[in-house]
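Undergrad: coords below, sequence missing:
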């Protein structure tokens, strides 16, 4: 396959580029990328764009196959991609969701301002690290028996409410109300259940983190008010997913699709794109299993929320329940209607960004568009954005999900000095609680693209409106 | 492309990949390649000290897959599942039977605590090939 050069991309708007269908004869639709010229110049040096083009070959893919400005090279699908396929005759691909099913971000809002919290920050960070299991191989406080596991997988947040970990108000502020229609515990492989049994309420490792933040700047006061955000407010961001349960579910369904693909006459440029028709028994089984794993992830973020609320009350003595602003998923496939066509929208490292008036978002966000959270790398800013009508017409209601990795974990370990990094974070006034030095180094700010540029590209294209900028004041990492 | 300085033995090396982990393994024959790939994955997960870890149990693994590439992914996925759900590592990979689509092996469970996490073994750009008398494969992991 010939590599993609700058000349193969047609600039269609200041921050939008297209690779035409004529680029490769197996493409079914054009591929579109949102990025600055500088980002494109970097991207052509890696394989991410080739991976984007590969996704444009999937049966039933809708025009165009998309990449957000935080795109980076993945395996099979690129990270930062959106691929919508026709539900009637298109495919569903586990690789288009990723191994960490329903990895996502939840934002909690307090009623406190930074000065109320400043003197308690070290104690708060320590308490959160104590109450939320983080890092590799750390079990949760709960081990689910078969019946509880069935309930978690089948009903998601409904289980959490029944068990006293969540309120109706929490459910209202989560995609799908935290309970994905069509989820079925029966479709989840036994081994996935085993791998997840003792992991509910755990943060995990890798790029997952929990951050206490300060609202540094409000960009859109009307939307910020609707989201319950104000300047100097203290917020808490939780980034994690479905843990081993999701990883094993994806592993087993990639294997299944790899086996049956030929029966459906599907050939692909990369085996990791393995898929089957959405309406096939295998496609439907995966969709039900993925939805169940998504329920597990929502319960995971809910149990962490519960622990953080406890830590907050204990350390600050404030009698308040931190409110869930919203909970967005950035590794998921959703059945949605776009342009009058029922589509399976695969978002892998991309966030749903439904605009004003959309069904499926909380009533209180119907006039503003849904909140979208874009966490930066550790120590840098995160953004709250809002979905728009442009997103609905141009990106299957989707936007970016983060900063996007620039440097490999391997390279980060070779080039970043742990003590210097700790000092830099300390100098920025950030309390750091990390389970391991390595975990901290791999996620150093220098290993990522600039999140501000990513948010700016999204705003320039009109896909999102920038609402607020949040800066970390404490980071808890696996 | 440089191997890690803490790499204990020849037979595998870690390659640079922007998002994830890429492992190249090789051997004089297919059996050796499969064993070296498993050793590489375990070394990443548990650190190079794993070579001296205390063995305490032997387990049998039997796998069937649709081709050699899928067999390698399934072999590593099987070990990853057992290691992560049982909270221990594996070494001493003895492969008794290996065809295009079938593998039978005994492996030794050893006491070790993970220092890294792997979410999954992917099929991305995977190929198992023979070149100039040695077998080689490159595997991408989601970490």
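TA: Here it is on my side, so go on. All values reported here derive from a predicted model rather than from experimental measurement.
Undergrad: Mind telling me which residue is nearest the centre of the chain?
TA: No chain was given, so I picked chain A. residue A:330 (2.6 Å; C-alpha atoms, centre = their mean).
Undergrad: Chain B, not that one
TA: residue B:38 (1.9 Å).
Undergrad: Find the residue closest to that residue in space, skipping its chain neighbours.
TA: residue B:93 (4.9 Å; C-beta to C-beta, 6 or more residues apart in numbering or on different chains). Yep, even glycine has a C-beta here, placed from its N, CA and C like the rest.
Undergrad: Find the helix or strand that that neighbour is a member of.
TA: strand B:89-98 (DSSP states H and E).
Undergrad: that older thread, hang on, the residue nearest to the centre of chain A packs against residue A:349?
TA: Yes - contact criterion C-beta atoms under 8 Å: residue A:330 and residue A:349 qualify, at 5.9 Å.
Undergrad: shared neighbours of the two, which are they?
TA: A:401, A:402 (C-beta atoms under 8 Å, 6 or more residues apart in numbering or on different chains).
Undergrad: count of residues packed around the closest residue to residue A:141 other than its chain neighbours?
TA: Closest residue to residue A:141 apart from its sequence neighbours, by C-beta to C-beta, 6+ apart: residue A:201 at 6.1 Å. By other C-beta atoms under 10 Å in any protein chain shown, the residues close to residue A:201 number 24.
Undergrad: and residue A:201, that one's in a strand?
TA: No - counting by DSSP: H, G, I helix; E, B strand; the rest coil, residue A:201 is located in no strand; its state is coil.
Undergrad: could you pull out the helices for chain B?
TA: Listed in chain order, the helices of chain B (DSSP state H) span B:30-46, B:68-86.
Undergrad: Those helices: which one's closest to residue B:57?
TA: Proximity to residue B:57 (C-beta to C-beta) singles out helix B:68-86 among these, at 9.6 Å.
Undergrad: Distance-wise, check the residue of chain B found nearest chain A relative to residue A:45.
TA: Chain B approaches chain A most closely through residue B:124 (3.4 Å), counting by C-beta to the nearest C-beta. According to C-beta to C-beta, to the nearest Å, residue B:124 stands 19 Å off from residue A:45.
Undergrad: and if you look at residue A:10?
TA: Look at residue A:10 and residue A:45: by C-beta to C-beta, they are 19 Å apart.
Undergrad: mind checking how far the residue of chain A found nearest chain B is from residue B:125?
TA: Nearest residue of chain A to chain B (C-beta to the nearest C-beta) works out as residue A:75 at 3.4 Å. Plainly put, residue A:75 is 8 Å away from residue B:125 if you go by C-beta to C-beta.
Undergrad: more crowded one of those two?
TA: residue A:75 (28 against 16).
Undergrad: So what pairs up with the more buried one in the strands?
TA: Note on residue A:75: beta-bridge partners by DSSP bridges are residue A:77.
Undergrad: thought it was touching residue B:124?
TA: Yes - in this structure, residue A:75 is within contact of residue B:124 by C-beta under 8 Å, at 3.4 Å.
Undergrad: Now do the shared contacts for these two.
TA: Shared contacts of residue A:75 and residue B:124 (C-beta under 8 Å, 6+ apart): A:272, B:140.
Undergrad: low-confidence ranges in the stretch 51-200 of chain A?
TA: For the stretch 51-200 of chain A, applying pLDDT under 70 flags no range at all.
Undergrad: Tell me the residues on chain B that lie near chain A, please.
TA: Contact residues (C-beta under 8 Å from any C-beta of the partner chain) of chain B with chain A: B:4, B:14, B:16-21, B:66, B:69-70, B:73-74, B:77, B:81, B:84-85, B:87, B:113-117, B:119-126, B:140, B:142-143.
Undergrad: Drop anything exposed from those residues.
TA: For those, a burial check counting by 16 or more other C-beta atoms under 10 Å in any protein chain shown picks out B:14, B:17-21, B:69-70, B:73-74, B:77, B:81, B:84-85, B:114-117, B:119-126, B:140, B:142-143.
Undergrad: Mind putting the helices of chain B into a markdown table with distance to residue A:421 and mean pLDDT?
TA: Putting the helices of chain B into a markdown table (distance: least, C-beta to C-beta, whole Å; pLDDT from 0 to 100) gives the following:
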| stretch | distance to residue A:421 | mean pLDDT |
| --- | --- | --- |
| helix B:30-46 | 22 | 96 |
| helix B:68-86 | 28 | 96 |
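Undergrad: Please name whichever of the ones you listed is nearest to residue A:63.
TA: Closest among the helices of chain B, using C-beta to C-beta: helix B:68-86, at 32.1 Å.
Undergrad: Can you give the distance of that closest one from its chain's centre?
TA: Relative to the chain's own centre, helix B:68-86 is displaced by 8 Å; criterion: C-alpha atoms, centre = their mean, to the nearest Å.
Undergrad: again with stretch A:444-451
TA: Relative to its parent chain, stretch A:444-451 has a centroid offset of 17 Å by C-alpha atoms, centre = their mean.
Undergrad: Next: stretch A:115-130.
TA: The gap between where stretch A:115-130 is centred and where its chain is centred comes out at 26 Å by C-alpha atoms, centre = their mean.
Undergrad: If you count neighbours, what's buried in it?
TA: Across stretch A:115-130, burial judged by 16+ other C-beta under 10 Å covers A:117, A:120, A:121, A:124, A:125, A:126, A:127, A:128, A:129.
Undergrad: Sort out for me which of those residues are in helices.
TA: The helices, defined by DSSP H, take in A:117, A:121, A:124, A:125, A:126, A:127, A:128, A:129 from the buried residues of stretch A:115-130.
Undergrad: And these, which is closest to residue A:289?
TA: residue A:128 (31.7 Å).
Undergrad: so the closest one sits right up against residue A:433, yeah?
TA: Yes - contact criterion C-beta under 8 Å: residue A:128 and residue A:433 qualify, at 7.5 Å.
Undergrad: what touches both of the two?
TA: By C-beta under 8 Å, 6+ apart, residue A:128 and residue A:433 have these common neighbours: A:474, A:476.
Undergrad: which residues does residue A:149 contact?
TA: A:185, A:193, A:196, A:197.
Undergrad: 7 Å - rerun?
TA: By C-beta atoms under 7 Å, 6 or more residues apart in numbering or on different chains, the contact set of residue A:149 is A:185, A:193, A:197.
Undergrad: likewise residue A:128?
TA: Residue A:128 neighbours (C-beta under 7 Å, 6+ apart): A:210, A:308, A:311, A:476.
Undergrad: mind running it again at 8 Å?
TA: A:210, A:212, A:307, A:308, A:311, A:433, A:474, A:476.
Undergrad: Next: residue A:331.
TA: Counting by C-beta under 8 Å, 6+ apart, residue A:331 makes contact with A:97, A:98, A:100, A:101, A:102, A:103, A:104, A:241, A:347, A:348, A:349.
Undergrad: ok, back up a step: what pLDDT does the residue of chain B closest to chain A get?
TA: Looking at residue B:124, its pLDDT is 92.
Undergrad: Dihedrals phi and psi, it?
TA: Main-chain torsions, residue B:124, degrees, to the nearest 10: phi -60, psi 120.
Undergrad: these two touch, right, residue A:87 and residue A:334?
TA: No - judged on C-beta under 8 Å, residue A:87 makes no contact with residue A:334 at a distance of 10.7 Å.
Undergrad: Mutual contacts of those two, please.
TA: residue A:344.
Undergrad: Looking at these two, which one has more neighbours?
TA: A count of neighbours by other C-beta under 10 Å puts residue A:334 above the other of residue A:87 and residue A:334, at 24 against 21.
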